[in-house]
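# prediction below, plus the sequence it came from.
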Amino acid sequence: MMLYKRGDVWWYEFQILGQRVRESSCSKSKTVAREAARHRREELVESVNGLNKRPKPILFSVAAKGYLEIKEGTLRASSYRIEKMSVEHLKPMFGDVLLSDIDGPSVGRYQHKRLADKAAAATVNLEIGTLRAILRRHRLWGFIQADVKNLTERRDVGRALSPHEEEKLLAACGKSRSRSLYPAVSLAVNTGLRRAELLDLRWSQVDLDKKTIRVGSSKTDAGAGRLVPLNARAATAIAFWAEIFPDREPHHAVFPTERVGAGAKGSAATFTETDPKTPIHSLKEAWESAKRSAKIAIRWHDLRHTFCSRLLEQGVSLPQVGRILGWSPSTTVRMADRYGHIGNDTLRLAVETLNPKPPKDGKQEQEQQEPKTTQPESGTIPADLASSAIH
């Protein structure tokens, strides 16, 4: 056990189960610090031996490492990267803290600090979700659950491209050194596929004859295995892209990893190497360059937002849209609130169809006022009587 001062306050440090515990005594007295360290160590030793109800002491950094090791084999690569990034943001505040010492107020301070660092509320909520998962794994979340609240997320994030903006963006994508960018963006805006779903595609999932794409793994169970129909523009884009790979195999990536070499001055880029078995990892650099060239501020996810908005504006029902996009039932309910403002004119036209149509001439009006009655043929029962007879 070691005692030392930071400013006027005494700190203590000791090791238990191979982990270094370093805490403040919150006192200017060395005697108080020594006694506090002794009590703290005894408390943790009792926990190790099951003599109290406190969980075994473990640092957040150690628990987070074990959590990531487990998740690496069960999560998609993109989801794992998000979890790993969340842990990196959590470690500066909680890395040297025992899991059992993380409480509601400390989580609240973390949320406040992240917002002060200009992090979005949705991002902070993801990070707290990772913290929750780690604490839950060690049976500690229940102790602080009531004291932790998610931040309110913005509901107006995201926008749809106008036809003119789409035209400018696709033109810029067509000039990109990455030849995958144009077909990828064209498919995204016409199918609503998530970026990971799109980049992970294999040719076995694409049916050029039936003009469909079957999604493999997805963000949600509802999204995995769904069949996405291709409109004319999407079908043309994927057919054009398929012609570039005449020797493609079903297990090959639709968007393979490629090495691009710089061509001569004024000439197009040269594709020096293609690995058809490995999907492209990212289009970020090419995507950002195309947006700058087109002078359009948009996120990749807004391509999916554009697809959704256009379907709703054409009168497609939200459940149908959700089925195409792979929304879970709970997400469909939430999206009803987010997209509820879209398509009001379409909805009005829908209810207007219930209005009686005006007569074309006086004869038709007379026929409507005096409906013609007919006698049923012998041996038949009028429809209204047949219906009552059945009941």
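Alright, I've got the coordinates. Numbers count the residues shown, from 1 in each chain.

# the protein: strands as residue ranges?
With DSSP state E, the ranges of strands along the chain come out as 2-6, 9-16, 19-27, 206-207, 212-214, 227-229, 256-261, 270-279.

# mind putting the ones you listed into TSV with mean pLDDT and mean neighbour count?
Any C-beta I mention is one placed from the backbone N, CA and C, and that applies to glycine too. Formatted as TSV, the strands of the chain follow (pLDDT from 0 to 100; neighbours: other CB atoms under 10 Å):
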stretch	mean pLDDT	mean neighbour count
strand 2-6	90	11
strand 9-16	88	17
strand 19-27	86	15
strand 206-207	95	17
strand 212-214	95	18
strand 227-229	93	16
strand 256-261	84	14
strand 270-279	83	13
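
# and of the ones you listed, who's closest to Thr130?
Closest to Thr130 of the strands of the chain is strand 19-27 (CB to CB; 20.7 Å).

# now the strands of the chain as TSV including distance to Arg248?
Listed next are these as TSV, based on distance: least, CB to CB, whole Å:
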stretch	distance to Arg248
strand 2-6	64
strand 9-16	58
strand 19-27	53
strand 206-207	10
strand 212-214	15
strand 227-229	20
strand 256-261	9
strand 270-279	7
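
# closest to Pro250 out of those strands?
Set against Pro250 and scored by CB to CB, the strands of the chain come closest in strand 206-207, at 9.3 Å.

# who touches the closest one?
Strand 206-207 is contacted from outside by Thr212, Ile213, Arg214, Ile238, Ala242, Val254, using CB atoms under 8 Å, 6 or more residues apart in numbering.

# which one of these is nearest to Asp302?
Using CB to CB, the contacts of strand 206-207 come closest to Asp302 at Ile213, 20.3 Å.

# ok, and the closest non-adjacent residue to that closest one?
Nearest non-adjacent residue to Ile213, counting by CB to CB, 6 or more residues apart in numbering: Val228, 4.7 Å away.

# Ala160: how many residues sit nearby?
20 (other CB atoms under 10 Å).

# so what's it up against?
By CB under 8 Å, 6+ apart, the residues touching Ala160 are Asp302, His305, Thr306, Ser309, Arg310.

# any idea how far Thr236 is from it?
The spacing between Ala160 and Thr236, counted by CB to CB, to the nearest Å, is 22 Å.

# Val9 reaches Cys26, doesn't it?
Yes. Proximity of Val9 to Cys26 meets the contact threshold set by CB atoms under 8 Å, at 6.6 Å.

# how near is the closest residue to Leu126 other than its chain neighbours to Pro250?
Spatial nearest neighbour of Leu126, excluding adjacent residues (CB to CB, 6+ apart): Ser86 at 5.8 Å. In this view, Ser86 and Pro250 are 36 Å apart by CB to CB.

# also Gly66?
In terms of CB to CB, Gly66 sits 38 Å off from Pro250.

# okay, the two: which has more neighbours?
Neighbour comparison, Gly66 and Pro250: the larger count goes to Gly66, with 13 against 9 (by other CB under 10 Å).

# residues contacting Ser86?
Going by CB under 8 Å, 6+ apart, Ser86 touches Leu126, Glu127, Gly129, Thr130, Leu131.

# dump those residues into CSV; add distance to Arg202 as well.
As requested, these are exported to CSV (distance: CB to CB, whole Å):
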residue, distance to Arg202
Leu126, 29
Glu127, 33
Gly129, 30
Thr130, 30
Leu131, 36
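
# got a PyMOL select line for the buried ones in those?
The PyMOL selection below is limited to those of those classed as buried (16 or more other CB atoms under 10 Å):
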select buried, resi 126+127+130+131
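
# do you know the pLDDT at the closest residue to Ser217 other than its chain neighbours?
Using CB to CB, 6+ apart and skipping the chain neighbours, the partner closest in space to Ser217 is Ala224 (5.6 Å). For Ala224, the pLDDT comes out at 77.

# just Ser282 next, same as before
89.

# show the contacting residues for it.
Leu199.

# send the alpha carbons of stretch 189-207 over as CSV?
This file holds the C-alpha atoms of stretch 189-207, laid out as CSV (Å, rounded to 0.1, in the frame of the first residue of the first chain):
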residue,chain,number,x,y,z
VAL,A,189,-30.9,6.1,-53.6
ASN,A,190,-33.1,3.7,-55.6
THR,A,191,-33.2,0.7,-53.1
GLY,A,192,-32.8,2.3,-49.7
LEU,A,193,-30.1,-0.3,-48.8
ARG,A,194,-28.0,0.5,-45.8
ARG,A,195,-24.3,1.2,-46.6
ALA,A,196,-23.1,-2.0,-44.9
GLU,A,197,-25.8,-4.0,-46.7
LEU,A,198,-24.7,-2.5,-50.0
LEU,A,199,-21.0,-2.9,-49.6
ASP,A,200,-21.3,-6.5,-48.3
LEU,A,201,-23.3,-7.7,-51.3
ARG,A,202,-22.3,-10.8,-53.2
TRP,A,203,-23.4,-11.6,-56.7
SER,A,204,-25.3,-14.6,-55.4
GLN,A,205,-27.7,-12.1,-53.8
VAL,A,206,-28.4,-10.3,-57.1
ASP,A,207,-31.0,-11.7,-59.6
